[in-house]
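Visitor: structure for the following, please:
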Amino acid sequence: MPRAFQRLAWSNLCAQSAEQISLAAAPLVAVFALGADARDTGLLQTAQTLPFLLLSMPLGVWADRRSRRVLMTLAESVRVCAMLCVLLLVLTHALNLPLLAALGFVAATGTVAYNVAAPSLVPSIVPREAFASANGRLELARSVAYSAGPALGGVLVGWIGAGWAYGGAAALSACAVALLAGLREPPRAAAPRRHFMLELRDGTRFVLRDSLLLPMLLTAVFFNLGFFIVQAVYVPYAVHRLGLDASAVGVTLGAYGVGMVCGALAAPAIARRLAFGRLLIIGPSFGLLASLVMVATLVAPSFWLALASFFLLGAGPILWVVGSTTLRQAITPERMIGRVSALISTATYGARPVGALLGAVLSARWSIDVCLVVAALAFSVQALIIVMSPAARLIGIPEQSAATC
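Guide: As a prediction, this is how the structure comes out:
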């Protein structure tokens, strides 16, 4: 792979690790240090995922108009500042839930920028035939972060305190900034400037009219909806119903990343043996199975069942991420890939704050049990959508669309 891609992959590992440590630390700090309940952690998750809904589209237009490297560097620098602010507040005993939520919102801008800009940058620094391999390596790096980050966050909070967890996250983000600063982005032909809303309209129209991208979008929306209903209430559920301490909670959350690593390592062999459409079915099917395993903990509370659920949530869907990203890059014109990636990020990751808020509402109005059942219903819908779509019948990677914008 080119040197530019190597820098992108290593910066991605640092940035994703920083995100996962802070995301794992936040609800643990909220529950153990600030006395938060399921409603509070649901609202906290909503704040930490709301940037995906609000910022993906504006950042996607930026990615099509200006330097993607600069976008990621600036956004990651913002994350460093936010993590250092949390560290300062913890050390001065001035941290409270509103401040934790607000700084989590600010820090998430780095993740949004990566999700929008990195897939847009890959086609310009690696050859077309290496798209799947490059995406697989990026997802392997993300998988390692998802594996180690939550477990490390739980250990740091449980053993040496929340402040050092955020300090570690800030240091990793700073490393990502340094790596991105040295990345050489190839120049692009200047595109004619158009009104912001017209560019958004073109990207939206392209996705909604494409028979392959639309079901991919809907599948991802319902997956994220179900996943973040679970995420919103899992920490208080694990502490009060499963009887887990901070370290054990971190281990179960880390199983998600272990599953991602296993899935990413197995992806090349699986891709060689299955038609491309079959590969796309695996992730949603595993997501449904994982949700049913989590529901089973209502009857048989178990650390191991929770661990298995998060492992399945990582192992299958990582194949989905590699496959769906490759499909999007293959059929989207290069001049609008930033907008298309942004639209998909807005809709899919925008489902995260909706799912987290729904988890908060359901747990407050009824119970966490209802949250887990509703999440399983969302996972059922996403599995049905992809199985019934033309994407599931693809033999290989299709050619680029003739659309131009």
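Visitor: excluding its backbone neighbours, what's nearest the most centrally placed residue in the chain?
Guide: Centre of the chain computed as the mean C-alpha position; nearest residue by C-alpha atoms, centre = their mean is residue 349, 7.1 Å away. Excluding the flanking residues, the one nearest residue 349 by C-beta to C-beta, 6 or more residues apart in numbering is residue 52, at 3.3 Å. Placement of C-beta: from N, CA and C, glycine included.
Visitor: now do the buried residues in the one helix or strand residue 82 maps to.
Guide: According to DSSP states H and E, residue 82 maps onto helix 68-91. Residues of helix 68-91 classed as buried by neighbour count (16 or more other C-beta atoms under 10 Å): 68-69, 71-80, 82-87, 89-90.
Visitor: coming back round to it: got phi/psi on the residue nearest to the centre of the chain?
Guide: Torsion angles at residue 349 (phi, psi; degrees, to the nearest 10) stand at phi -70, psi -20.
Visitor: what's it in contact with, if anything?
Guide: 49, 52-53, 56, 112, 115, 224 (C-beta atoms under 8 Å, 6 or more residues apart in numbering).
Visitor: and those as TSV, adding pLDDT?
Guide: As requested, these are exported to TSV (pLDDT from 0 to 100):
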residue	pLDDT
49	77
52	76
53	75
56	73
112	81
115	74
224	87
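Visitor: which stretches in the chain count as helices?
Guide: 3-32, 38-65, 68-91, 97-125, 131-159, 162-181, 196-209, 213-240, 246-273, 276-296, 303-315, 317-331, 337-365, 368-388 (DSSP state H).
Visitor: adding distance to residue 395, write these out as TSV.
Guide: Converted to TSV, the helices of the chain look like this (distance: least, C-beta to C-beta, whole Å):
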stretch	distance to residue 395
helix 3-32	28
helix 38-65	30
helix 68-91	32
helix 97-125	22
helix 131-159	15
helix 162-181	37
helix 196-209	23
helix 213-240	17
helix 246-273	12
helix 276-296	6
helix 303-315	24
helix 317-331	13
helix 337-365	23
helix 368-388	16
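Visitor: still on that earlier bit, what about the residue nearest to residue 349, how many residues nearby?
Guide: 24 (other C-beta atoms under 10 Å).
Visitor: hmm, it is touching residue 108, no?
Guide: Yes - with contact defined as C-beta atoms under 8 Å, residue 52 reaches residue 108; the gap is 7.2 Å.
Visitor: name the nearest residue to residue 99, ignoring sequence neighbours.
Guide: That would be residue 89: by C-beta to C-beta, 6+ apart, it lies 6.1 Å from residue 99.
Visitor: low pLDDT regions in the stretch 251-400 of the chain?
Guide: Scanning the stretch 251-400 of the chain for pLDDT under 70 picks out 334-339, 341-342, 345, 399-400.
Visitor: how about a cut-off of 90?
Guide: 251-284, 287, 301-302, 313-369, 386-400 (pLDDT under 90).
Visitor: got the phi and psi for residue 367?
Guide: Dihedral angles (degrees, to the nearest 10) for residue 367: phi -160, psi 170.
Visitor: dump the residue contacts of residue 34.
Guide: 40, 95-97, 100.
Visitor: would you show me how to pick out the buried ones of these in ChimeraX?
Guide: Here is the ChimeraX command that picks out the buried ones among the contacts of residue 34, judged by 16+ other C-beta under 10 Å:
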select :40,95,97,100
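Visitor: farthest pair within the contacts of residue 34?
Guide: 40 and 95 (13.7 Å; C-beta to C-beta).
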